[in-house]
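**Q** with the input below, show me the fold.
(chains A and B)
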Amino acid sequence: MTTTDTPQPAGPPPADAPPTGLPATGPAAPGAPARPAGESLTGGVLNVFSHGVLVIWAFLVAMPLLWAVMTSFKDDRSIFVSPWSLPDRLHFENWSRAWTQAHMGEYFLNTLLVVGGSLIGTLLFGSMAAYVLARFEFPGNRFLYYLFVGGMSFPVILALVPLFFVMNNMGLLNTLHGLILVYIAYSLPFTVFFLTSFFRTLPTSIAEAALIDGASHTRTFFQVMLPMARPGLISVGIFNFLGQWNQYLLPTVLNTEQDNKVLSQGLVQLAVSQGYKGDWSGLFAGLVMAMLPVLGAYIVFQRQVVSGLTAGALK
Amino acid sequence: MQHGKYGFIVGFLVCPLAIYTLFVVWPFLQSIYYSFTDWTGLSPEFSVVGLGNYAKMLRDDSFWNALRHSALFMLLLPVVVLGLALFFAFMLNVGGRGRRGAAVTGVTGSGVYKIVYFFPQVLSIAIVALLFQFAYNPNSGALNSALSAVGLGSVQPDWLGDPNLALWCVMAVLVWSNVGFYVVLFSAGMASIPKDFYEAALLDGANRMTTFFRITLPLLWDTVQSGWVYMGILALGAESFAVVQIMTVGPGGPADSTNVLTLLVYQKAFVGGQAGYATTIGVALLLITLAFAAVVMRLGRRERLEY
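**A** Numbering: from 1, shown residues only, chains lettered A, B, ... in the order given. As a prediction, the model looks like this:
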């Protein structure tokens, strides 16, 4: 991945760009970027300007998150009286309260089960369909490919009303396995699209060698092709993980049972019912609890995440 | 090679296809059918009313109101998000100047910026919406307290409570959460532009504005265009539903000032007991989405540049 491989400065900045050291104090003038009326003159000014804008955006992005973490350690009163002050002490009891009383632990478990199950299902079914569509000629191949890929372009909300009744008739409404099946179904269009083009890039000779040695098609797929497709599976897996972990619309409609709620749903419900109970510090603790694992995983694996997501979007 | 081929193909396709057809294709086809019925969604009886729902929709003020907001989302959000992202990505990848050795570099610390900018993208839109709901709280939210702290205590907007402001507040959240992804996406695209293009431009004395408009943007155009479509669809679809439903009062308020088409479909179907009519609005949403994608693809068509 090349995005983060920007060469770092080899030495101190040259004398004609002195202001880069103090970016935050730059004249972040409102309006359009400075007009380049003579690059040598405005170069320094433009540098300060652009550094200023970059710093401001970084601040705007990081600030709400830091604020949330800070707030999760405060008591209810100081959240409202002085939102920006530091906590008087670290109120860890917010966290334990959120985990036990506000059911965050259960929501977490539900989310893990649903995302784990649907991620495995999505990767398995997605790669099976993509492999067949990418490497075998048969009548209807193109039709099925476009049937899968076409699903990327239509709004989920449109199918939601009939889907609700399909699930209801099958007794899948408000069940975790029902939600898993729906997640898999709605993840398939992109997964098949991405993996089909990925399987096309893999060399055919190894698969053919395996077939000649007497391996069945199924065995060739699981023991030869699937291991070779690992980079693609990781990319599309990260993409689906984030999408499914953060899903809100589908569970809101299809999974209203209290015991089966997933994280995003549980948090929203908590926020709504807070109007009556007023445990804001607990809610913030819950928010941060739901936020930190993914954020932490992203920081650790950011190269893979970024390359996975951009590879998907650039295709 | 051919031995057992068809058995294998059928065996591998049957499960994925069954799940996909049952939960995606079939509901999708059904919804088009339902859009011609007066189905309430509460009882199994309904009758076909032909184009009745469509006529009703065209007379429905709440539809036009939501359509106006959705259209604003669809047209304005991509401009703002992609514009900001292009600027940031350019600064982070090409904007650095005057360093020894390299003609084309990002500004100092661009790696860190890229990591930080991406943060909102890994967070659930539900979490983001909840967080900003607190920030916007007029009495004790972070925003108004910050305004007081810098001496602007007299300026205390109602934010989400103000019908003139609420829609912009919601849109700001979507901008906040989406810019980072496009920064990273465009960065990846920019990294694949050959360095000698920039070196040649530098030798010719091009400044950064010229470099951006003459080299970076034309070579990045395909990515920008697909990003444009993607962002527009997102602004019409699930993300706008989540932010409006979670953040605004009602939801969709105050005074219906933030309702969008996705939320309207949800309300009609699951709150209002008008499932048939809801799918009609859904079909309209689908048509708008497809039209948007077609227009952007057509307007944006340019000669493909090979390099």
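
**Q** so where do the strands sit in chain A?
**A** Using DSSP state E, no strands are found in chain A.

**Q** so, low pLDDT: which residues of it?
**A** Applying pLDDT under 70 to chain A flags the ranges A:1-47, A:274-278, A:311-315.

**Q** quick one: contacts for the residue most central in space within it?
**A** For chain A, the residue nearest the mean C-alpha position is A:Leu242 (2.7 Å; Cα atoms, centre = their mean). By Cβ atoms under 8 Å, 6 or more residues apart in numbering or on different chains, the contact list for A:Leu242 reads A:294, A:305, A:309, B:121-122. Yep, even glycine has a C-beta here, placed from its N, CA and C like the rest.

**Q** repeat the analysis, applying 10 Å as the threshold.
**A** Listed by Cβ atoms under 10 Å, 6 or more residues apart in numbering or on different chains, the contact partners of A:Leu242 are A:115, A:294, A:297-298, A:305, A:308-309, B:121-124.

**Q** will you turn those into a markdown table that also has distance to A:Leu66 and neighbour count?
**A** Formatted as a markdown table, the contacts of A:Leu242 follow (distance: Cβ to Cβ, whole Å; neighbours: other Cβ atoms under 10 Å in any protein chain shown):
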| residue | distance to A:Leu66 | neighbour count |
| --- | --- | --- |
| A:Val115 | 26 | 24 |
| A:Val294 | 16 | 20 |
| A:Ala297 | 18 | 17 |
| A:Tyr298 | 16 | 20 |
| A:Val305 | 21 | 24 |
| A:Gly308 | 26 | 24 |
| A:Leu309 | 24 | 21 |
| B:Gln121 | 17 | 22 |
| B:Val122 | 16 | 23 |
| B:Leu123 | 13 | 23 |
| B:Ser124 | 18 | 26 |
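
**Q** now, which of those sits nearest B:Gly109?
**A** B:Gly109 has its nearest neighbour among those in A:Tyr298, at 18.6 Å by Cβ to Cβ.

**Q** list the contacts for A:Gln304?
**A** Neighbours of A:Gln304 in contact, by Cβ under 10 Å, 6+ apart: A:1, A:231, A:234-235, A:237-238, A:297-298.

**Q** out of these, which are buried?
**A** Buried by 16 or more other Cβ atoms under 10 Å in any protein chain shown: A:234-235, A:237-238, A:297-298, out of these.

**Q** closest to chain B out of those residues?
**A** Nearest to chain B, judged by Cβ to the nearest Cβ, of these is A:Tyr298 at 4.5 Å.

**Q** ramachandran coordinates for B:Val48?
**A** Note on B:Val48: backbone dihedrals following degrees, to the nearest 10 are phi -80, psi 130.

**Q** partners of it in the sheet?
**A** B:Thr37 (DSSP bridges).

**Q** state the pLDDT value of it.
**A** Here, the pLDDT recorded for B:Val48 equals 85.

**Q** same check, this time on B:Ala275
**A** The model's pLDDT for B:Ala275 equals 87.

**Q** hmm, A:Leu163 and it touching each other?
**A** No. Assessed by Cβ atoms under 10 Å, B:Ala275 is found out of contact with A:Leu163, at 11.6 Å.

**Q** so what sits against both of these two?
**A** Joint contacts of B:Ala275 and A:Leu163 (Cβ under 10 Å, 6+ apart) are B:Ser31.

**Q** so what's A:Phe148 closest to, chain neighbours aside?
**A** Excluding the flanking residues, the one nearest A:Phe148 by Cβ to Cβ, 6 or more residues apart in numbering or on different chains is A:Val192, at 4.3 Å.
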